[in-house]
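Participant: need a 3D model of the sequence below.
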Amino acid sequence: MRYRTLAGGRGPQVSNLCLGILPFGSTVDEQTSFAVLDRFAEAGGTFVDTSNNYSVWAPGGTGDESELLLGRWLRARGARDRTVVATKVGARPPEGSTQVWPDAWEGLSAKVVRAGIEGSLRRLGTDHVDLYYAHIEDRAVPVAETVETFAEVVRSGATRLIGASNHAAWRVAEARQYAAAHDLPGYTCVEQRHTYLWPVPGGEWGAQWYARDDMQDFVAAHDDLTLMAYGPLVHGAYTRADKPLLAPYDHPMSQRRLAVLREVAREAGATPNQVVLAWQMGGLLSIVPVVGVSSVAQLDEALGAVDLDLDPELRARLDAA
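Facilitator: A predicted model of the protein is given here:
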């Protein structure tokens, strides 16, 4: 495993791959979830990503499942001190609502953020998380309220770092500017959709944001920012014939890039998935892929990307496609 340090060297050291456990405890059963977490830890993986709403949309789901499962694994393995835990707040169903994400979510008010961290710590069985995200942008709440409440969470010791997920670049900039002006901790991690393919303009996912050019430029311009790239393997479509491209990626430019990706993978002796992850991890932009898997075999393939150093000529071909 290889490692990097978050927040421009001031945050925790994390593995270059982050394990996203969205379906663990719901559509991925406990035995399989534990096996994947065990293999990740055995390979030197230290960074695990969850949320307080995973997976509320699954049959019978409450949103507690993923955090509860991670908490059980941390206790069973005595692994809390060697695991960097990231979780999120803001996308649970509003209190008393029968609707769930993406139709409704509770937002980022002070009340929600305070209650959210308490609930997450209880489910995870810990006294702090290492990274706490504002999960879904909430323009109904003043940025000052959200930033100040996240600062309270940091001051209380309940989290070390804070981040923003699924936010426009200008909203992240506004929040960081407010934090800097008031001597408060600011967002140092941004979690967005990001992969080798670009979505067609206008082909977004509602509340889920793709890391567009402006966000990538913003991250590149600030040494303390890291882009956490979720959905890097486009739900298996790079390697599995039974997994069609998601509609926003299904356009002529993608076919061109896919052809180059497959050529590079053959020349590098790797799978397309591994090349995509290596391309993310080895570029100039500070990126940590958040890899979602449902089996140890899928994880092992992803782990094979960690030591894959793309030849500069191959990287240039990928970039130019």
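
Participant: buried ones in stretch 250-261, by neighbour count?
Facilitator: 251, 254, 257-258, 260-261 (16 or more other Cβ atoms under 10 Å). Glycine gets a C-beta too; all of them are placed from N, C-alpha and C.

Participant: can you pull out the residues in contact with that stretch?
Facilitator: Stretch 250-261 has contacts (Cβ atoms under 8 Å, 6 or more residues apart in numbering) with 196-198, 200, 203, 238, 244-245, 272, 275-276, 317-318, 321.

Participant: same question, stretch 76-83
Facilitator: Stretch 76-83 is contacted by residues 34, 37-38, 41, 46-48, 73-74, 126 when judged by Cβ under 8 Å, 6+ apart.

Participant: I'd like to know the average pLDDT value across it.
Facilitator: Averaged over stretch 76-83, pLDDT sits at 98.

Participant: ranges for the helices of the protein?
Facilitator: Per DSSP state H, the chain carries helices over the ranges 30-42, 65-77, 110-124, 143-155, 169-181, 213-220, 252-268, 272-281, 296-303, 312-320.

Participant: could the ones you listed be laid out in CSV, adding distance to residue 131?
Facilitator: Formatted as CSV, these follow (distance: least, Cβ to Cβ, whole Å):
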stretch, distance to residue 131
helix 30-42, 17
helix 65-77, 13
helix 110-124, 11
helix 143-155, 11
helix 169-181, 15
helix 213-220, 16
helix 252-268, 30
helix 272-281, 18
helix 296-303, 20
helix 312-320, 28
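
Participant: hmm, back to that, now the buried residues of stretch 250-261 as a markdown table including distance to residue 114 and pLDDT?
Facilitator: As requested, the buried residues of stretch 250-261 are exported to a markdown table (distance: Cβ to Cβ, whole Å; pLDDT from 0 to 100):
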| residue | distance to residue 114 | pLDDT |
| --- | --- | --- |
| 251 | 43 | 92 |
| 254 | 43 | 95 |
| 257 | 44 | 97 |
| 258 | 45 | 97 |
| 260 | 48 | 98 |
| 261 | 44 | 98 |
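
Participant: just give the closest residue to residue 220, not the sequence neighbours.
Facilitator: Among residues not flanking residue 220 along the chain, residue 285 sits closest, at 5.5 Å (Cβ to Cβ, 6 or more residues apart in numbering).

Participant: residues contacting the one you found?
Facilitator: The contact partners of residue 285, by Cβ under 8 Å, 6+ apart, come to 216, 219-220, 227.

Participant: next up, phi/psi of it, please.
Facilitator: Taking degrees, to the nearest 10, you get phi -80, psi 140 for the backbone angles of residue 285.

Participant: would you quantify the distance from it to residue 260?
Facilitator: For residue 285, the distance to residue 260 equals 19 Å [Cβ to Cβ, to the nearest Å].

Participant: swap in residue 225?
Facilitator: Relative to residue 260, and taking Cβ to Cβ, residue 225 is found at 28 Å.

Participant: then residue 154?
Facilitator: Taken as Cβ to Cβ, the span from residue 154 to residue 260 is 43 Å.

Participant: what is the neighbour count of residue 228?
Facilitator: If you count neighbours by other Cβ atoms under 10 Å, residue 228 ends up with 26.

Participant: repeat for residue 211
Facilitator: By the measure other Cβ under 10 Å, the count of residues near residue 211 is 22.

Participant: one more: residue 79?
Facilitator: 17.

Participant: from here on, count from 58
Facilitator: Yep, numbering from 58; the last one is residue 136 now.

Participant: average pLDDT for stretch 224-237?
Facilitator: For stretch 224-237, the per-residue pLDDT values average out at 97.

Participant: oh, that last question was meant for stretch 255-268, not what I typed.
Facilitator: 83.

Participant: check the contacts of residue 342 and tell me the two furthest apart.
Facilitator: Within these, two members stand farthest from each other by Cβ to Cβ: 277 and 284, at 9.0 Å.

Participant: neighbour-wise, which of the two wins?
Facilitator: Each of residue 277 and residue 284 has its neighbours counted (other Cβ under 10 Å); residue 284 has more, 21 against 14.

Participant: which residues are common contacts for residue 277 and residue 284?
Facilitator: Here residue 277 and residue 284 have 342-343 as joint contacts, going by Cβ under 8 Å, 6+ apart.

Participant: quick check: residue 300 touching residue 294?
Facilitator: Yes: counting by Cβ atoms under 8 Å, residue 300 does reach residue 294; the two are 4.5 Å apart.

Participant: with neighbour numbers in mind, choose between the two.
Facilitator: Between residue 300 and residue 294, residue 294 has the larger neighbour count (other Cβ under 10 Å), namely 21 against 13.
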